[in-house]
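Visitor: quick one, structure for this:
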Amino acid sequence: MYAEALYPDRHRACGVDLLPMTLGHALLLQRLGSPFAEARPNPAFGQFHKQGPSGADMLLACLVCSRPAARAAGAVNSRWGAAWIKWKWITRRFRMGEDMLSFLRWYGVQWELPDFVTVRTSEGGPPRGAEFLHQLVVFCCSHLGCSHAEALEVPVAVAQYDYICHLEGDGQIRIVESRDAELEAAAQAALAAVPASHATAKD
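Guide: I've put the predicted structure just below:
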């Protein structure tokens with residue numbers, strides 16, 4: 001729900017409060033090569049999707065996402081940041097599994113989207129090749145009136161919902177409720193089965 005994206009629940013992992021992931025957080029994690037930089041599978045992170053993220057991946061993401069992205073960018077390259085990760089690894093090593101589950105619950109919420117179906121593609125040009133995060137930043141600047149710095153502070157969940165709503169208004173997609181999507185899929189399956197049943201009856 002959009003309201004949940006605007007007013008998210010509190011999440012904690014590794015003994016720290018996790019902020020809503022902003023576009024700045026996601027881009028910083030991408031720059032650091034983190035598997036938590038995006039929701040969609042990326043061939044470069046094949047090992048992550050087969051074996052799961054490591055505890056070091058989670059601790060780095062917690063360091064980044066427990067403070068504003070601008071501050072996190074300085075922290076990850078500092079002695080203090082390295083000491084923070086080492087300290088958390090020592091003090092939380094027996095709770096790493098619990099922390100990972102808490103973190104993954106938070107991570108999943110950041111990338112939730114409403115169900116939608118494609119109505120038409122954009123007309124008059126080739127498919128867009130820009131990275132999804134880049135598209136969201138440009139959308140926030142061009143349609144929400146954000147400066148580039150302000151766009152990087154927009155939560156990923158909010159940016160996605162606003163972007164999807166914009167695409168629906170542009171006629172490119174149609175947002176559907178989960179139940180509607182299930183009924184539509186069932187209806188399409190039933191229609192696809194009609195010719196086969198008619199052919200069987202004739203035989």
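
Visitor: rest of the way, CA atoms for contacts and neighbours
Guide: OK.

Visitor: I figured Ser66 was touching Leu19, is that so?
Guide: Yes: Ser66 is in contact with Leu19 according to C-alpha atoms under 8 Å; the separation is 5.5 Å.

Visitor: tell me how this structure divides into domains.
Guide: As assigned by automatic domain parsing, the chain contains the domains 7-110, 115-202.

Visitor: which of those domains is buried the deepest?
Guide: Highest mean neighbour count of the domains of the chain: domain 7-110, a mean of 16 (counted as mean count of other C-alpha atoms under 10 Å).

Visitor: do a quick rundown of the helices in the chain.
Guide: Applying DSSP state H to the chain gives helices spanning 2-6, 23-31, 46-51, 55-65, 69-75, 79-91, 96-110, 132-143, 148-151, 156-169, 178-202.

Visitor: Serialize the ones you listed to TSV and add fields for mean pLDDT.
Guide: Output for these, formatted as TSV (pLDDT from 0 to 100):
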stretch	mean pLDDT
helix 2-6	83
helix 23-31	95
helix 46-51	44
helix 55-65	95
helix 69-75	95
helix 79-91	95
helix 96-110	92
helix 132-143	92
helix 148-151	94
helix 156-169	90
helix 178-202	61
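
Visitor: Leu6 and Ala26, how far apart?
Guide: Leu6 sits at a distance of 17 Å from Ala26 (criterion: C-alpha to C-alpha, to the nearest Å).

Visitor: do the same with Met100
Guide: Distance of Met100 to Ala26, given as C-alpha to C-alpha: 18 Å.

Visitor: same deal with Gln135?
Guide: Distance from Gln135 to Ala26, by C-alpha to C-alpha: 13 Å.
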